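[1] here's a sequence, model it:
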Amino acid sequence: MSKKDYVLGTHDEELLRLGLQHRVWRPVVLDCWQKAGITTGKRILDLGAGPGYAALDLAEIVGPSGEVVALERSDKFVAAMRESFRRRGLSNVKIYELDLMTGDLPKGNYDFSWCRWVLSFVSDQALLIKKLGDVMPKGGISIFHEYAHYGTWRFLPPIPSQEKFREHVIATWRESATPHTFCVRPTNYMWQWPVTFIEVYLPRLIEMGRIDQAFAYKVRADLVGAGENPNALMITPLVVEIVAAKI
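    Now for the predicted structure:
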């Protein structure tokens, strides 16, 4: 991987997976933003904006009188984000190609900051929180959605290959309040969120030398079987929602 790449990559398949992931979580996210007070005219700092799916929603919510400042280190994701805003005709966004660990966060009179599934992947979580605290004004609200306990992810009936896959994910990720855990059946849209992640992450585990093709085929076949079982259940990874005001 290049220094600006991610553990799941920045290829087209990952762009599509992130889009599906955002759509699955969008109702939860919109509810969180509304309760936190994000509305017209607000100024939002989006840390680790990726291809900008959340930034687009935020820009539409805050409107022309508000602004979104989106930070993203991947040049490919930045290009995709700029194109998305161009197609939507939205001009109330500033996009910075910036590494959260090595770059300085742009100062601004932010009302809110938004950070989703970023803290698990940075090299120094405390440093990022300090940087954020330095640029957020008194009374500013920071919102986080972050993995808290990946071990909650399991299927009923159990799928041993998926549980082994989950162990590999935990071993290769830095794991780190309102908990969000869902219990869904194959017909539920939420089912697609972890399943598409598995498809994208299996090749990465092969590249790392942690698994072989035979195990990858087994995981895929087991997931197909679970998806065809109308009585199957999946308990999703635990995500915590944190809404914190600077005092």
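
[2] pLDDT on stretch 65-72, on average?
    Averaged over stretch 65-72, pLDDT sits at 97.

[3] buried sites along it?
    By neighbour count on 16 or more other Cβ atoms under 10 Å, the buried set for stretch 65-72 is Gly66, Glu67, Val68, Val69, Ala70, Leu71, Glu72. Placement of C-beta: from N, CA and C, glycine included.

[4] and the strands in this protein?
    43-47, 67-72, 93-97, 112-116, 141-149, 154-156, 178-180, 183-184, 233-235, 238-245 (DSSP state E).

[5] what angle sits between the third one and strand 43-47?
    Right, the one you point to is strand 93-97. 30 degrees (axes from the mean of the first three to the mean of the last three Cα atoms, to 10 degrees).

[6] need the strands of the chain in JSON lines (columns: distance to Arg87).
    Below are the strands of the chain laid out as JSON lines (distance: least, Cβ to Cβ, whole Å):
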{"stretch": "strand 43-47", "distance to Arg87": "18"}
{"stretch": "strand 67-72", "distance to Arg87": "16"}
{"stretch": "strand 93-97", "distance to Arg87": "13"}
{"stretch": "strand 112-116", "distance to Arg87": "22"}
{"stretch": "strand 141-149", "distance to Arg87": "26"}
{"stretch": "strand 154-156", "distance to Arg87": "38"}
{"stretch": "strand 178-180", "distance to Arg87": "30"}
{"stretch": "strand 183-184", "distance to Arg87": "32"}
{"stretch": "strand 233-235", "distance to Arg87": "34"}
{"stretch": "strand 238-245", "distance to Arg87": "29"}
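
[7] so what's the residue count around the nearest residue to Met81 once chain neighbours are set aside?
    The spatially closest residue to Met81, leaving aside those adjacent along the chain, is Gly52, at 3.2 Å (Cβ to Cβ, 6 or more residues apart in numbering). Applying other Cβ atoms under 10 Å, we find 26 residues neighbouring Gly52.

[8] kindly report the same for Leu105.
    Residues contacting Leu105 under the criterion other Cβ under 10 Å number 20.

[9] correct me if wrong: it contacts Lys131.
    Yes: using Cβ atoms under 8 Å, Leu105 makes contact with Lys131 at a distance of 5.1 Å.

[10] so Val243 touches His145, yeah?
    No: the criterion here is Cβ under 8 Å, and Val243 misses it with His145 at 10.2 Å.

[11] shared neighbours of these two, anything?
    By the contact definition Cβ atoms under 8 Å, 6 or more residues apart in numbering, Val243 and His145 are jointly contacted by Cys32.

[12] wait, what's in contact with Glu241?
    By Cβ under 8 Å, 6+ apart, the contact set of Glu241 is Cys32, Ile143, Phe144, His145, Ala177, Thr178, Pro179, His180.

[13] neighbours of the nearest residue to it once chain neighbours are set aside, just the number please.
    Excluding its sequence neighbours, the residue lying closest to Glu241 (Cβ to Cβ, 6+ apart) is Thr178, at 4.0 Å. Counted with other Cβ under 10 Å, the neighbours of Thr178 add up to 12.
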